[in-house]
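Asks: kindly return the folded structure for what I paste below:
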Amino acid sequence: AKAKDPELRVQLQADDQVDYGAVARTMASIERAGITKLAVITAR
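Replies: Presented below is the predicted three-dimensional model:
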């Protein structure tokens, strides 16, 4: 997707039941993919 759209934006949504480590690993994977436009959305 990043190759097709250099301006790709990702929205990561998680609630307070998701393990922080899983969120951190996901964010690291997004960064490794070269995606720099990331919005983190939290829900209760």
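Asks: could you use CA atoms for every contact and neighbour count after this?
Replies: Fine.
Asks: in this structure, which spans are helices?
Replies: Using DSSP state H, the helices assigned to the chain run over residues 20-32.
Asks: residue ranges with poor pLDDT in the protein?
Replies: Along the chain, segments meeting pLDDT under 70 span 43-44.
Asks: what about the strands in it?
Replies: Ranges of strands in the chain, per DSSP state E, are 9-15, 37-43.
Asks: tell me the most buried of the ones you listed?
Replies: Per-stretch averages of neighbours, counted by mean count of other Cα atoms under 10 Å, single out strand 9-15 among the strands of the chain, with a mean of 13.
Asks: check which strands are paired with it and give the direction for each one.
Replies: Sheet pairing of strand 9-15 (DSSP bridges) gives strand 37-43 (parallel).
Asks: tell me which residues touch L12, please.
Replies: The contact partners of L12, by Cα atoms under 8 Å, 6 or more residues apart in numbering, come to 38-41.
Asks: okay but L38 is in contact with Q13, surely?
Replies: No: taking Cα atoms under 8 Å as the contact criterion, L38 and Q13 are not neighbours in contact, 10.6 Å apart.
Asks: for G21, see how far away the residue nearest to A33 when sequence neighbours are not counted is.
Replies: The spatially closest residue to A33, leaving aside those adjacent along the chain, is K2, at 7.7 Å (Cα to Cα, 6 or more residues apart in numbering). When Cα to Cα, to the nearest Å is applied, the distance between K2 and G21 equals 24 Å.
Asks: ditto for A1
Replies: Between A1 and G21 the computed distance is 25 Å (Cα to Cα).
Asks: with R32 instead?
Replies: Distance, R32 to G21, by Cα to Cα: 16 Å.
Asks: save the strands of the chain as TSV, and put in distance to M27 too.
Replies: Formatted as TSV, the entries for the strands of the chain read as follows, by distance: least, Cα to Cα, whole Å:
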stretch	distance to M27
strand 9-15	8
strand 37-43	8
